[in-house]
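*Asks:* Got a predicted model here, sequence first, then my questions.
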Amino acid sequence: MRAFKQLIYPFSVGIALLPTKAFAHGGAEEPSAGLPLSMYGLVAMGLLLILFVAFYLNVKKKVQALQNVKKNEDRKKREQLSKRLQLIKWGWILSIVGVVITGSLTVMGDRLTATESEVYLEHVHGLGYSADGKRIVIPAHDGLKSYSDGHWDNVEGEKHDYMGFAAVDDGFYSSGHPAPGSDKKNPFGVVKSTDEGKTFKTLDLYEEMDFHLMSVGYQSHAIYVINPQPNSRMDSTGLYYSIDDTKTWAKSAMKGISEEPTAIAVQPIDKAVVAIGTETGVFLSKDNGDNFEKVISKGQATSLFFNSNGTLFVGGYSDKPYLLKWNVENKQSDEIIIPDLTEDAIAYIAENPVKANEITFATFKKDVYVSNDNGGTWTKVADQGKGIEEKKQ
C-alpha cells in the first residue's frame, strides 16, 4: 500500500498539469480545442515520463550519497530509497509503454478521421465550378467545400463565410465575413481569389459592406451588386455595377422594377446584360440595369444563372419548385424536370464551364443535385447539408 502511495504521487502531479479541457465534455469551448482524447493521453504519458525520470534521478542521487555510510539508521534509509528507486524505475518503464501506445492510438485516430470524415454544408451561400470543370465549389458558411468524382472535400484555406459568391474563368469574386481567428477584417466588401480561396485580394469596401446579392460576368468580370445601404462609394441603396474591378462604380436606374430583388445574374460576356429575379418573376436589362423588361411571370424567382451561351437558367417557385431554361434571343423557355422538392426550392444553379451537359443546383434545405445529361436525370450528392460519398465498385 505504501509503495502504491509512492507511485500515485507523481501520477497525481502529472494529471494536475494537464489542461482542464481534456476532461470537459459538452462545454461551449470544446469544439475550439480541436484535440482528440488520445492526444491528451499522449500528453499525460509524456508528462508522467518526465516526472518519473526526474524522481528517478533525484532518488538515485540520494542513494549514491548514502553508498558508504556506516550507521545502521543510514543503511536502512539507503535500503528504503533503493526500493523506491526500483518502483520509480518501473513507473518510468510503464510511462514509456504508455507513450508508445497513446502515440500509436493518436496516429491511428488521425488516419481514421481523415478517411471517415464527413463534409457538412452548414449553409449554402453560392455555387460554382472550378475553371477546369473538375470540381463543384460551394461556399458553406465555414469555408469552401468541393465535390469531384463522387467525393467531397474541405477546400484548403481559411474557413471564411463567403457571401455573394460568383465563380469566374480565373477564380471567384465574393463578399462575406472572416473566419474565427482570422486576421482579415470584417466585412469583406468585394474580394477576389484566383487560387480557390487559399488567398484573396481585397478590391473595395473592405471593412465596410457585405453584399448578399452579387453577380459577376464569367468572362467579362463585370460586377453587379444590390447595395443594401449607403456607403463611402455608393450614395444610396439599389443596383450598382463596375466594369473595371471596382475602381469605379455606376448606379443603375432600375426602371421597370418596383419589387424587392431576390436573385441576380450577369451575362458571361456582354457586360450590359443583367437579370434580376423578384417575388413575381424575372426582369432583363440590356443597358447595364437602367431599363428592365419583365420576361418571365411564373411566380417567385429564387435563383438565376447565365451559362456560357447566354442562356438564362431560372429556379423558382409557383405552387411547386421549377427550373427553366430561357433563350434571351428568341424568348423561348423550356422547363427542366427536377426531383421532388418537399417545401423547398432551388437556391443556386451552375453549369460546368467545360462540360455543357453537366448542371448542378443547391436548394434552400441544402440538398445538392447533379445532372450529366442536361437535366434528363439527377443524382443527389448532398442531403440536407450532409455530403453523400459515391460508393466505388
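*Replies:* Here it is on my side, so go on. Residues are numbered from 1 along each chain as shown.
*Asks:* Okay, helices next: where are they in the protein?
*Replies:* 2-16, 30-33, 37-65, 72-116 (DSSP state H).
*Asks:* By mean pLDDT, show me the worst of those.
*Replies:* Lowest mean pLDDT of the helices of the chain: helix 30-33, a mean of 34.
*Asks:* and the closest residue to residue 206 other than its chain neighbours, how many neighbours?
*Replies:* Nearest non-adjacent residue to residue 206, counting by C-beta to C-beta, 6 or more residues apart in numbering: residue 189, 4.3 Å away. For the C-beta atoms, the positions are set from N, CA and C on the backbone; glycine is no exception. By the criterion of other C-beta atoms under 10 Å, residue 189 has 21 neighbours.
*Asks:* who does residue 189 bridge with?
*Replies:* For residue 189, the beta-bridge partners are residue 210 (DSSP bridges).
*Asks:* can you pull the contacts of it?
*Replies:* Contact analysis of residue 189 by C-beta atoms under 8 Å, 6 or more residues apart in numbering lists 175, 202-211.
*Asks:* one more time with 10 Å, if that's ok
*Replies:* Going by C-beta atoms under 10 Å, 6 or more residues apart in numbering, residue 189 touches 175-176, 202-211, 231, 233, 246.
*Asks:* What is the neighbour count of the residue nearest to residue 373 when sequence neighbours are not counted?
*Replies:* Leaving aside its sequence neighbours, residue 373 sits nearest to residue 357 (C-beta to C-beta, 6+ apart; 5.9 Å). Residue 357 has 12 neighbours, counted by other C-beta under 10 Å.
*Asks:* quick one, phi/psi of residue 357?
*Replies:* As for residue 357, its main-chain torsions (degrees, to the nearest 10) stand at phi -90, psi 0.
*Asks:* Just give me the residue right at the centre of this protein.
*Replies:* Among the residues of the chain, residue 143 comes closest to the average C-alpha position under C-alpha atoms, centre = their mean, at 2.3 Å.
*Asks:* Verify the stated contact: that residue with residue 162.
*Replies:* Yes - the pair residue 143 / residue 162 is scored as a contact, 8.1 Å apart, by C-beta atoms under 10 Å.
*Asks:* if we can go back for a sec, surely the residue nearest to residue 373 is in contact with residue 370?
*Replies:* No - in terms of C-beta under 10 Å, residue 357 does not count as a neighbour of residue 370; the distance is 11.1 Å.
*Asks:* show me the residues around the nearest residue to residue 133 once chain neighbours are set aside that make contact.
*Replies:* Nearest residue to residue 133 in three dimensions, chain neighbours excluded: residue 354, at 3.0 Å (C-beta to C-beta, 6+ apart). Going by C-beta under 10 Å, 6+ apart, residue 354 touches 129-134, 308.
*Asks:* now residue 341
*Replies:* Residues near residue 341 by C-beta under 10 Å, 6+ apart: 317, 320-322, 361, 363-365, 367, 369.
*Asks:* Between these, which sits nearest residue 151?
*Replies:* Distance ranking of these against residue 151, using C-beta to C-beta, places residue 369 first at 16.6 Å.
*Asks:* Quickly note the distance from the residue nearest to residue 383 when sequence neighbours are not counted to residue 382.
*Replies:* Excluding the flanking residues, the one nearest residue 383 by C-beta to C-beta, 6+ apart is residue 367, at 6.0 Å. Going from residue 367 to residue 382 by C-beta to C-beta, to the nearest Å gives 6 Å.
*Asks:* shared neighbours of those two, which are they?
*Replies:* With C-beta under 10 Å, 6+ apart, residue 367 and residue 382 have common neighbours 121, 124, 388.
*Asks:* check contacts around residue 280.
*Replies:* By C-beta under 10 Å, 6+ apart, the neighbours of residue 280 are 259, 262, 294, 296-301, 318.
*Asks:* Mind giving me the ChimeraX command for buried ones among the contacts of residue 189?
*Replies:* What follows is the ChimeraX syntax for the buried subset of the contacts of residue 189, where burial is set by 16 or more other C-beta atoms under 10 Å:
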select :175,176,203,204,205,208,209,210,211,231,233,246
